[in-house]
Structures are given as C-alpha cells and as structure tokens.
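Asker: pasting the sequence and the predicted coordinates here, then a few questions.
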Amino acid sequence: MKKILLALCLVFAATSLQAAEPKAKCDTLYILGVGNSWTRDSMRWLSAIAKSVGRPVVVGHAYLGGSTLEQQYNGIDNHEYTYKHGKVHQVVHSTYQYWLYDCTENPVKTPNKGYRNGLNGIGVTLESVVTDKPWDIMVFQPESTMRRYVRSQGGTFDLNLLAERIKQMMKPEVAAKVRCGLMVPFSYPQGNTDYRKGIYQLYNNGVKPANQAEWDDLYERVHRIIQKEIYEVGASMGSNCQFYVNVGQAIYLGRKHKQLSKSGYKLQRSQNNTHLSEGLAMYIASLAYAYTLLDIKQEDVTFYPKYSKDPQLTGDRGKTDYIAVENTPALAKQARKVAWRACKK
C-alpha cells in the first residue's frame, strides 16, 4: 500500500510541475477555465503574471456562480434545467459569465453586469465560450465537495462526461490538441463561520460539528482529504486529466504563513465567505496556475497586484469593512514562495 501511495505522489509531483503546453514559448497560449466563481477568483492574475515573464497568454474563464460541474453538464443541452444559487433559480444553459484576459490585467466581461441572472438566463452559453478561441489548455474547477466525484466512495458524477461533451463542441483540430486538467479546490480556513451542510454530510458522516473547535478540525481534515482524493478523480478521467493545478495547497500554505494570512480573513473575502480576498490571495492562486502551466520559475515573475482589498472584521459573523492595503515587494516574494512550494510538492 505504501508503495502505491508513493507512486501516486511521484506521478502527482511530475504532472504538477510539468509544462502543460506543447507550444513554443513565443506562441500565444490559450487557457480556458470552466467552473464556478472560484475559477474567476483563482485565475484573476494569471494573464498579468504571464505578461511579466514575456509569455503571450490569453486567459478565459466560463463560470456559473455557485454551480457544480455536474449541474453544468446537466444544463449544457437542456434549456430548461435550473439550479438554485442565492435562493434564485438559475438557468444553466445560457447563464455563463465569460471573462477574457487578452494579455491584460483586467478582463472583458460578457455580459458586463452581474451573474444572478435568474430564469431569464441573461448570460452566454458554454458553447459560445468554448468555440470563441483555439484553446490549448482547459482546466476544470471542481467545488470543495470533491468527494462527490470519487468513484470508490460511490461518486454521483463522472467528470469525463463534461470533458467529452465540451470537446464535441470544439473544432476537431482544437479538440485533438487541447490538454485538460483539474484545479485542486481549497477548503475553508479554521475560524470560518460559514457552516455548510454539504461539508459535514460528505466529510463527517452526516454529523454536524457541535462547536467551532469541531468545525475547525473538520476544515483541516477536509483539506487533507481533498489533497488525497484529487488523484483518484484525476485517475478516473484518464487522458482528460493530464495535470493538476494545486490552488488548494497554495492557499492552505498561505493561510499558515504569518504575514500572508493577514491579507484578508485567512485569505478569504470575509469570515463567512467562500471567495478569495482581492489582491494577494488571488495572486497566490494564479501563481499556482502559472507555475504549473507556463513552465516558469518563481524568480521569473515580476508582477504582483499593488493593493489588496482586505476585510476588517467586526461582530461575531464578520460584518466586513474593506480597506485597500498596499502590497510590498517582500510580501509578494513570500506569496511566490508559498505558491511554488505548493506546486513543487
């Protein structure tokens, strides 16, 4: 058993740092993320990072706020299929938000307002995004309930279904060359006060933690489980998972870092919010993408966001006021070290 685990770890280490693009460094690389708003958070600075190292990269992400990849698959062709987000029913088929960074720091957004589009489905289809560019790399972002996809645990959905359906939308020459992989999601930090039912149903045998200490222990265990079970999910996808972008480990190490953890509530937007905070947290996540997909070293990167939008907490459940805090070169260097360490492992 130990030999099998060691082999898995070696495979993961090799695929994580292996360059995920076959193109020459002077050619434009097209990277697409598919997921929910965590895809938006984690790819925020990838284009700017790439530009700083002289790599022409176009970054796009199609996201459906609060959705699972299973829900996205169910709604690709079913125009009537909905899921609930923010207590509002969302139409999957035509409600995607498409953000495109064409070698820039800031995206062009389509549509340019909002994402809670309700039953009108005021957005775009996934097919329109997939066919917009000759994508070289496609990264799927599972939600934090990773166990839903684990086959040995009776997982409810096979991610191959979504990957293959998207490839059918592409031109044959694009589908033949596109490389697919998984973003490793992050868990909540200790002290988080957003107590989601799905977390203890999947990871605590359905037993709701009785107090904050038990929740904190559960969040720690969830992180370790995700880091372990992502390999099984990837293995079940075969050639549809050729690399892993370990955002989860990068954010985890950032939360353990004395200085970096001060940038936002443990790198979250607020105490009871699942999103990464603006600035350094999104930077750390985007560095994980850059180190994995662009074949660069930590010292190659010169860009970093000048400011972080840091939450200042008041009250028990995190009433939040935000202040702009200037990032320093020293702090950005620590962020690069943390992300590099996560990808290297």
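Answerer: Sure, I can see it.

Asker: now for the lengthiest helix in the chain, which elements pack on it?
Answerer: Criterion DSSP state H: the longest helix present in the chain is helix 212-237. Packing partners of helix 212-237 (3 or more Cβ pairs under 8 Å, 6 or more residues apart in numbering; DSSP states H and E): helix 2-17, helix 159-169, strand 179-183, helix 197-203, helix 247-256. C-beta coordinates here come from the backbone N, C-alpha and C atoms, glycine included.

Asker: right, and Ser37 touches His61 too?
Answerer: No: the pair Ser37 / His61 is not scored as a contact, 9.7 Å apart, by Cβ atoms under 8 Å.

Asker: so which of these two has more stuff around it?
Answerer: Shown here are Ser37 and His61; by other Cβ atoms under 10 Å, His61 has more neighbours (27 against 20).

Asker: now do that one, the pLDDT please.
Answerer: At His61, the predicted lDDT confidence score is 95.

Asker: the helix or strand where it lies pairs with which strands, and in what direction?
Answerer: Assigning secondary structure by DSSP states H and E places His61 in strand 57-63. Note on strand 57-63: by DSSP bridges, its sheet partners are strand 29-35 (parallel), strand 97-102 (antiparallel).

Asker: and the longest one, how far from the chain's centre?
Answerer: For strand 29-35, the gap between its own C-alpha mean and the chain's C-alpha mean amounts to 11 Å (Cα atoms, centre = their mean, to the nearest Å).

Asker: go on, the shortest one?
Answerer: With Cα atoms, centre = their mean as the basis, strand 97-102 stands 15 Å off its chain's centre.

Asker: stretch 338-345 now?
Answerer: 16 Å.

Asker: same question for it: list its buried residues.
Answerer: Counting neighbours by 16 or more other Cβ atoms under 10 Å, one finds that the buried residues in stretch 338-345 are Val338, Ala339, Trp340, Ala342, Cys343.

Asker: buried residues of stretch 85-104, list them for me.
Answerer: Residues 85, 90-101 are the ones in stretch 85-104 that count as buried (16+ other Cβ under 10 Å).

Asker: could you do stretch 203-215 as well?
Answerer: Buried residues in stretch 203-215 (16+ other Cβ under 10 Å): Tyr203, Asn204, Pro209, Trp215.

Asker: next, format these as TSV and append distance to Glu70.
Answerer: TSV is the format used below for the buried residues of stretch 203-215 (distance: Cβ to Cβ, whole Å):
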residue	distance to Glu70
Tyr203	18
Asn204	22
Pro209	26
Trp215	26
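
Asker: ranges for the strands of the stretch 51-200 of the chain?
Answerer: 57-63, 82-85, 88-91, 97-102, 108-110, 137-140, 179-183 (DSSP state E, counting those that start in this stretch).

Asker: now the angle from the first one to helix 159-169?
Answerer: Angle between the axes of strand 57-63 and helix 159-169 is 120 degrees (criterion: axes from the mean of the first three to the mean of the last three Cα atoms, to 10 degrees).

Asker: what's strand 57-63 in contact with?
Answerer: Residues outside strand 57-63 that contact it (Cβ atoms under 8 Å, 6 or more residues apart in numbering) are 28-37, 39-40, 43, 46-47, 50-51, 96-103, 115, 124, 126, 129-130, 132-133, 135, 294.

Asker: switch to 7 Å and redo it
Answerer: 28-37, 39-40, 43, 46-47, 50, 96-103, 126, 129, 133 (Cβ atoms under 7 Å, 6 or more residues apart in numbering).

Asker: same question, the fifth one
Answerer: Where contact means Cβ under 7 Å, 6+ apart, the residues beyond strand 108-110 that reach it are Gln97, Tyr98, Trp99, Leu100, Val124.

Asker: do stretch 288-307 as well
Answerer: Contact partners of stretch 288-307, identified using Cβ under 7 Å, 6+ apart, comprise 16-17, 19-21, 31, 42-43, 45-46, 48-53, 55, 137, 243, 245-247, 250, 279, 283, 324-327, 332, 336-337, 339-340, 342-343.

Asker: at 6 Å what do you get?
Answerer: Contact partners of stretch 288-307, identified using Cβ atoms under 6 Å, 6 or more residues apart in numbering, comprise 16, 19-20, 46, 48-49, 52-53, 55, 245-247, 250, 279, 283, 324, 326, 332, 336, 339-340, 343.
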